[in-house]
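Visitor: I would like to see how this sequence folds:
(chains A and B)
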Number of protein chains: 2
Amino acid sequence: MRDVSIIGIGQTPAGEHWDRSLRHLAYDALAAAMRDAGVERADALYVGNMLSGEISGQAHLGALVADFAGLRGAEAVKVEAACASAAAAFRQAYIGVASGLQDIAIAVGVEKMTDDVGSKLTAGLASAADADYEVIHGISFVALNALIMQRYMHEYHVQREDFANFAINAHANGVGNPNARFREAISREAFLKSNMVATPIGLLDASPMADGAAAVVLCPTEQAREFTENAVRVAGSALAIDSLSVHDRRDPLWLQAAETSAQKAYRQAGVGPQDIDFFELHDAFTIMAALSLEASGFAGRGKGTWLARDGEITPQGKIPIATRGGLKARGHPVGATGLYQIVEAAQQLRGEAGDNQLANARLGMTQNIGGSGATIVTHIFERVH
Amino acid sequence: MRDVSIIGIGQTPAGEHWDRSLRHLAYDALAAAMRDAGVERADALYVGNMLSGEISGQAHLGALVADFAGLRGAEAVKVEAACASAAAAFRQAYIGVASGLQDIAIAVGVEKMTDDVGSKLTAGLASAADADYEVIHGISFVALNALIMQRYMHEYHVQREDFANFAINAHANGVGNPNARFREAISREAFLKSNMVATPIGLLDASPMADGAAAVVLCPTEQAREFTENAVRVAGSALAIDSLSVHDRRDPLWLQAAETSAQKAYRQAGVGPQDIDFFELHDAFTIMAALSLEASGFAGRGKGTWLARDGEITPQGKIPIATRGGLKARGHPVGATGLYQIVEAAQQLRGEAGDNQLANARLGMTQNIGGSGATIVTHIFERVH
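Guide: Numbering: from 1, shown residues only, chains lettered A, B, ... in the order given. Okay, here's the model as predicted:
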């Protein structure tokens, strides 16, 4: 098995792209990543996407994107794992290069959500949950998360305002990210006054949908220096699953797949949570940020919000999260999000995070969640230059 | 890179399964394959599927199937490449085992089509083509194939009846397959009289849709003997793409991705078309059988129907195809078809093809086509016992 590194990154702004279709968005990110890496071809392309069939009437994105990007020589498929699709696609690219079968593999995540903001989108997002046992009761995906948050507040005696700092930190960091959908800081008052979407989830607990694409180019670490001086090594990679339904879990407040995938990634990298310099987590809702911190070993059970309260999640804290805005401020183009996280982690490790640059970041972790926790993909990246 | 073998196979009948949902169908095939292999766990599960989001409102099939099948310890994702989804999923399982990251990997293809036989299904199938440049003009997927067939007949001076033997052979072979949707032989007269679906494609040129699932278990060849005496070795594996749109191809009558993937698979296996004992090709429409034979090196350009005319595609011919009924008679549950082909090839090589058993089959080839030829996956399997 070969060691693997990221040699190129690219992304589009997350937002409303009325003039760019699926293929254009994917191409923009992919071409930027290829230029960044200085490669003109690839052996394989893995496209992360969730909703193209439902929203755009377009399946078959592997061929669509490879064809449009001039990569007819590459093999190409779409990988889908709900909102974890992009990190799952990244992992397949990682495995392809690690196997020795592919020397240059590209992972691109793309989502086009704003073409339909009505019933198709709500139904599409709900397809991440269990159609036969959850969605059939009429629950939307945000309502499912609201039930989890409600239970969390009851069980651990925390209040809605204890989640405020997750959103405040994300929006503060988003200001410095030119690709973020929302580049405005928010106040505690705004958070507390924000309209309820599904009680207790308010508008400012929830990440905004977006169109967007992000891409990386991978090659064997031993060849990385031929392409770039600032390769980022994949130190740990793991994907784990849990029950699709929340009600099937022994503990609905514990992301078992986050624990499993984080522990596997730590083991592969030979590190622990104390060694991680920053963590791009999946703050689709503030409750998910808390659960992710707990299951990944950064906070005790029921104490995820304490880290936020104590300021430990800010760029100056013990474990900075959402350093470029996270899902909350950068935006959450669902099937692309996992690669936005990975691109942002690479930016930090390459010293290219601009106003958001962390000092001396050497190890960064990303965690991408599909559904209410059914698929969780954790990666650890290492600065080697 | 490790050598890889199939140690277990399973399938459901292809047909109308009103009492089995997506998860049940996938489970039935997967559990049969695991029993056949004698394994109780897996490191990875790759689910091939095309339409679950559009037809069943259910994405996230990796977690759905792994969870339902008791494989929460495995990593699991869905792989999609239109009608080539299942062979693409198989290839990812192959790469996972070859890489050394996964010791036991399962690939399962599943499709549930009969829940919606109206507009959602037609629109879903059309999503294999280019939504922005083909489907927007109102063309359905069968009409797209009809244009190709029309052009073929014009260019190569063949008649509709020259395609008859593809359907006659498939149906004759389907009689012996208990899992085939149609187990009835058809006559030349019936073929010629069959109603037009999209001229010149008649009902008996076209494969029937179906519900169904098929699965295989893979492990490193050097460990295969611990599980079974009749492992089937993966001698060649390749996936290639072409333009998504037919009109973008230099020659709309040449499946470039079939040629590319077949040549790669031949090279890896160290063989040529003359060494292949039988060929499970993608006869979604009779025209695709002809094009597949030509691009894979079994017939000269424009001479695919000659092989059929001369009886060379029957079990007694030079290159038997659709030996268990093919897509035409076994049925075409789109995202599962590629794994039906692989299971059927393994049956032939294990000597378990019943009434359809070929004598002395040592090398079998499968070819799964996505869209009108945009993704083509070719595998070569070898009997080693």
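Visitor: tell me which residues touch whichever residue of chain A sits closest to chain B, please.
Guide: Closest to chain B within chain A is residue A:99: 3.3 Å, counting by CB to the nearest CB. To be clear about C-beta, it is placed using only N, CA and C from the backbone, and glycine gets the same treatment. When contacts are counted by CB atoms under 8 Å, 6 or more residues apart in numbering or on different chains, residue A:99 touches A:1-2, B:1, B:95-96, B:98-101.
Visitor: list buried residues within these.
Guide: Burial by neighbour count, 16 or more other CB atoms under 10 Å in any protein chain shown: within those this picks out A:2, B:95-96, B:98-101.
Visitor: quick one, helices of the stretch 251-385 of chain A?
Guide: With helices called from DSSP state H, counting those that start in this stretch, the stretch 251-385 of chain A shows them at A:256-269, A:286-295, A:304-309, A:326-330, A:337-350.
Visitor: let me know the closest of the buried ones among the contacts of residue A:99 to residue B:200.
Guide: residue B:95 (39.6 Å; CB to CB).
Visitor: so the closest one makes contact with residue A:98?
Guide: No - between residue B:95 and residue A:98 there is no contact under CB atoms under 8 Å: 9.2 Å.
Visitor: show me where the stretch 101-250 of chain A dips below the pLDDT cut-off.
Guide: Scanning the stretch 101-250 of chain A for pLDDT under 70 picks out the ranges A:117.
Visitor: quick one: name the residues of it near chain B.
Guide: A:101, A:123-124, A:126-132, A:135, A:238-244, A:248 (CB under 8 Å from any CB of the partner chain).
Visitor: only the buried members of those residues: can you turn that into a ChimeraX selection?
Guide: Selection of buried members from those for ChimeraX, criterion 16+ other CB under 10 Å:
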select /A:101,123,124,126,127,128,129,130,131,135,238,239,240,241,242,243,244,248
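Visitor: spatially, which residue comes closest to the residue of chain A closest to chain B, not counting chain neighbours?
Guide: residue B:99 (3.3 Å; CB to CB, 6 or more residues apart in numbering or on different chains).
Visitor: same question for residue A:313.
Guide: Spatial nearest neighbour of residue A:313, chain neighbours left out: residue A:321 (4.7 Å); criterion: CB to CB, 6+ apart.
Visitor: in contact with that neighbour: list those residues for me.
Guide: Contacts of residue A:321 by CB under 8 Å, 6+ apart are A:166, A:169, A:278-281, A:283, A:289, A:293, A:313.
Visitor: among these, which one has the most neighbours?
Guide: The most crowded member of the contacts of residue A:321, judged by other CB atoms under 10 Å in any protein chain shown, is residue A:313 (33 neighbours).
Visitor: ok, it touching residue A:328?
Guide: No - with contacts counted by CB under 8 Å, residue A:313 stays clear of residue A:328, the gap being 11.9 Å.
Visitor: got any residues that touch both of the two?
Guide: Here residue A:313 and residue A:328 have A:166, A:322 as joint contacts, going by CB under 8 Å, 6+ apart.
Visitor: pLDDT at the spatially most central residue of chain A, what is it?
Guide: Residue closest to the average C-alpha location in chain A (CA atoms, centre = their mean): residue A:338, at 3.0 Å. Per-residue pLDDT puts residue A:338 at 98.
Visitor: likewise residue A:73?
Guide: 89.
Visitor: which SS state does it fall under?
Guide: Here residue A:73 is recorded as coil under DSSP: H, G, I helix; E, B strand; the rest coil.
Visitor: wait, what's in contact with the residue nearest to it when sequence neighbours are not counted?
Guide: Once flanking residues are discounted, residue A:73 sits nearest to residue A:41: 6.1 Å by CB to CB, 6+ apart. By CB under 8 Å, 6+ apart, residue A:41 lies in contact with A:71, A:73-74, A:104.
Visitor: what's the spacing between residue A:41 and residue A:219?
Guide: Distance of residue A:41 to residue A:219, given as CB to CB, to the nearest Å: 12 Å.
Visitor: could you do residue A:129 as well?
Guide: Using CB to CB, residue A:129 is found at 37 Å from residue A:219.
Visitor: sorry, back to before: farthest-apart pair in the buried ones among the contacts of residue A:99, please.
Guide: With CB to CB as the measure, no two of the buried ones among the contacts of residue A:99 lie farther apart than A:2 and B:96, at 14.3 Å.
Visitor: tally of neighbours for residue A:264?
Guide: Residue A:264 is flanked by 17 other residues according to other CB under 10 Å.
Visitor: pLDDT score assigned to it?
Guide: So residue A:264 comes in at 98 (pLDDT).
Visitor: where do the strands sit along the stretch 51-200 of chain A?
Guide: Secondary structure of the stretch 51-200 of chain A (DSSP state E, counting those that start in this stretch): strands at A:75-80, A:105-111, A:196-198.
Visitor: list the buried ones in stretch A:224-232?
Guide: By neighbour count on 16+ other CB under 10 Å, the buried set for stretch A:224-232 is A:224, A:227-228, A:230-232.
Visitor: okay, how far is it across that stretch, tip to tip?
Guide: Chord length of stretch A:224-232, first to last residue, is 9 Å (CA to CA, to the nearest Å).
Visitor: chain center to that stretch: distance?
Guide: Here stretch A:224-232 is found 24 Å from its chain centre; the criterion is CA atoms, centre = their mean, to the nearest Å.
Visitor: who touches residue A:343 in this structure?
Guide: Contacts were defined as CB under 8 Å, 6+ apart; by that measure residue A:343 touches A:9-11, A:214-216.
Visitor: tabulate these (JSON lines), appending distance to residue B:376.
Guide: Listed next are these as JSON lines, based on distance: CB to CB, whole Å:
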{"residue": "A:9", "distance to residue B:376": "31"}
{"residue": "A:10", "distance to residue B:376": "28"}
{"residue": "A:11", "distance to residue B:376": "31"}
{"residue": "A:214", "distance to residue B:376": "28"}
{"residue": "A:215", "distance to residue B:376": "24"}
{"residue": "A:216", "distance to residue B:376": "26"}
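Visitor: need the max-distance pair from those.
Guide: Among the contacts of residue A:343, the pair separated by the greatest distance (CB to CB) is A:11 and A:216, at 9.5 Å.
Visitor: between those two, which one's more packed in?
Guide: Neighbour tally, residue A:11 and residue A:216, criterion other CB under 10 Å: the higher count belongs to residue A:216, 31 against 26.
Visitor: the more buried one and residue B:13, how far apart?
Guide: The value you get for residue A:216 to residue B:13, if CB to CB is used, is 43 Å.
Visitor: check residue A:328 too.
Guide: Remark: distance between residue A:328 and residue B:13 (CB to CB) = 48 Å.
Visitor: in terms of neighbours, single out the busier of those two.
Guide: Higher neighbour count among residue A:328 and residue B:13: residue A:328, with 30 against 18, using other CB under 10 Å.
Visitor: so that one touches residue A:164, yeah?
Guide: No - applying CB under 8 Å as the test, residue A:328 and residue A:164 come out as separate, 11.7 Å apart.
Visitor: output the contacting helices and strands for the helix or strand encompassing residue A:240.
Guide: Assigned by DSSP states H and E, residue A:240 falls within strand A:232-241. Secondary-structure packing of strand A:232-241 (3 or more CB pairs under 8 Å, 6 or more residues apart in numbering or on different chains; DSSP states H and E): strand A:4-11, helix A:85-99, helix A:256-269, helix A:337-350, strand A:375-383, helix B:61-68, strand B:75-80.
Visitor: adjacent strands (with direction) for that strand?
Guide: Next to strand A:232-241 in the sheet, as set by DSSP bridges, lie strand A:4-11 (antiparallel), strand A:375-383 (antiparallel).
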